[in-house]
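Asks: would you be able to build a 3D model of this:
(one chain, ligands or ions: 1)
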Amino acid sequence: MSRILVTGGAGYIGSHTAHVLMEHGFDVVVADDLSRGHRHNVAPERLHVVSMQDTAALTELMTTGRVEAVIHFAAYIAVGESTREPELYFNNNLSGSLSLLTAMQRAGVKRLVFSSTAAVYGNPMSVPISEDAPFAPVSPYGESKVMVEKVLRWLSDLRGLKSVCLRYFNACGADPAAGLGEEHDPETHLIPLLLRAIRAGTPITIFGDDYDTPDGTCIRDYIHVRDLAEAHVLALESLLSGGESDVFNVGTGSGYSVMEVLRTVEKIVGKRVPYTVGARREGDPPVLVANPDRLQRSLGWSPRSSSLETIVRSAWEFEQKRAAAG
Ligand code: UDP
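Replies: Predicted structure coming up:
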């Protein structure tokens, strides 16, 4: 049984991926400093509370644990925060990754799946976006991911460290049966905020309805976190069977507007979402939709749980459990 180190495995996408990896028969160890993740997302015997900056501890963990490959999620993800605190983002996301890569080199671990983002494309010149679109990030967050992707290209050639970078579009949904879902603090993502607006009765602000889209609100490609997790498993299996370094978009190829998501939430929950329309949020491109052909062709991936109804239903179930648990 291959042992896989999942960094950031106490976070949202990391914890779902760790869960799906175990369903596929992998042995998982998690490294997380718990600065943003949650202890309750990981079984205690799998959790190592360690900073990505601690190269020696990561080396030791990989060497003694006989780790075969790494899936690297540990990073800060809030675009707005990254523009206010760029040093924090470059330090955590870039230096943390360099430290991990050094530890991998020392421990002789040569396979990595890296958690990247559609934010590497910035405001794309055309949609759907394919992987050969240029890097044009518009935030320190996006830039930090570009930088790591570039480092990985060099290490693939110079060190034989084979990596797959997965560029996520809008991760959402939950796995309520596993007790996993979105619990960011503060929460900034659309679907949990819509659900909480209903629960709390306080309006959510829609960030602009004057975009050049059919209903004036932004269009995004929403991908269920479980489908995203499956993409990591396929990427890992490809690397473990000798596959080359590559990059893939992970999205469905279909876009939905903010208002379409809001109406779906109303349909699933059976209540109106209180909302107001506010100003545009800085840095929001009108339309972000993936061209996922490469991932489908190369790794045989296809989304199974990413209809908007399935996503919202799973998120609502999780939100209710979370609220009941206090
Ligand atoms: N959005 C919104 N109000 C909110 C949060 C998000 O109108 O309180 C919009 C946002 O402008 C974007 C979409 O919902 O068009 C998805 O935003 P989210 O922050 O979930 O993901 P992002 O696209 O930024 O990765």
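Asks: can you list contacts of whichever strand or helix holds residue 59?
Replies: Taking DSSP states H and E as the definition, residue 59 sits inside helix 55-64. Helix 55-64 is contacted by residues 5, 29, 31, 48, 50-52, 67, 70, 99-100, 102-104, 106-107, 109 when judged by C-beta atoms under 8 Å, 6 or more residues apart in numbering. Where you see a C-beta, it was placed from the backbone N, CA and C, and this is true even at glycine.
Asks: and if we set it to 10 Å?
Replies: 3, 5, 7, 29, 31, 48-52, 54, 67-70, 96, 98-109 (C-beta atoms under 10 Å, 6 or more residues apart in numbering).
Asks: buried subset of those residues as a ChimeraX selection?
Replies: Here is the ChimeraX command that selects the buried residues among the contacts of helix 55-64 (16 or more other C-beta atoms under 10 Å):
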select :5,7,29,31,48,50,51,52,54,67,68,69,70,96,98,99,100,101,103,104,107,109
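Asks: circling back: can you list the buried residues in the helix holding residue 59?
Replies: Those would be 55, 57, 58, 59, 60, 61, 62, for helix 55-64 by 16+ other C-beta under 10 Å.
Asks: redo those as a markdown table? Include pLDDT and distance to the ligand.
Replies: Listed next are the buried residues of helix 55-64 as a markdown table, based on pLDDT from 0 to 100; distance: C-beta to the nearest ligand atom, whole Å:
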| residue | pLDDT | distance to the ligand |
| --- | --- | --- |
| 55 | 98 | 31 |
| 57 | 98 | 32 |
| 58 | 98 | 29 |
| 59 | 98 | 33 |
| 60 | 98 | 35 |
| 61 | 98 | 31 |
| 62 | 98 | 31 |
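Asks: how many neighbours does residue 315 have?
Replies: 25 (other C-beta atoms under 10 Å).
Asks: contacts made by the helix or strand of the chain with the lowest mean pLDDT with the rest, please.
Replies: Lowest mean confidence among the helices and strands of the chain (mean pLDDT, DSSP states H and E): helix 79-84, at a mean of 92. Residues outside helix 79-84 that contact it (C-beta under 10 Å, 6+ apart): 76, 78, 88-90, 92-93, 117, 119, 137-144, 186, 188, 281-284.
Asks: now, which of the contacts of helix 55-64 lie within helices?
Replies: 96, 98, 99, 100, 101, 102, 103, 104, 105, 106, 107 (DSSP state H).
Asks: the last one and residue 161 touch, don't they?
Replies: Read that as residue 107. No: the criterion here is C-beta atoms under 10 Å, and residue 107 misses it with residue 161 at 11.5 Å.
Asks: overlap in contacts, those two.
Replies: What both residue 107 and residue 161 touch, as defined by C-beta under 10 Å, 6+ apart, is the set residue 70.
Asks: what sits against whatever residue of the stretch 201-326 of the chain ends up closest to the ligand?
Replies: Using C-beta to the nearest ligand atom, the single residue of the stretch 201-326 of the chain nearest to the ligand is residue 218, 3.1 Å away. By C-beta under 10 Å, 6+ apart, the contact set of residue 218 is 190, 206-209, 211, 255-259, 280-281, 284-288.
Asks: can you do 6 Å?
Replies: 211, 258, 284, 286 (C-beta atoms under 6 Å, 6 or more residues apart in numbering).
Asks: ditto for residue 65
Replies: Taking C-beta under 6 Å, 6+ apart as the contact definition, residue 65 lies against 3, 29.
Asks: tell me the confidence at it?
Replies: Model confidence at residue 65, given as pLDDT, is 96.
Asks: state the phi and psi torsions of residue 289.
Replies: phi -130, psi 140 (degrees, to the nearest 10).
Asks: give me the distance between it and residue 82.
Replies: 23 Å (C-beta to C-beta, to the nearest Å).
Asks: check which helix or strand covers residue 313.
Replies: helix 308-325.
Asks: helices and strands around that helix, which ones?
Replies: Helices and strands touching helix 308-325, as assessed by 3 or more C-beta pairs under 6 Å, 6 or more residues apart in numbering; DSSP states H and E, comprise helix 190-200, helix 258-269.
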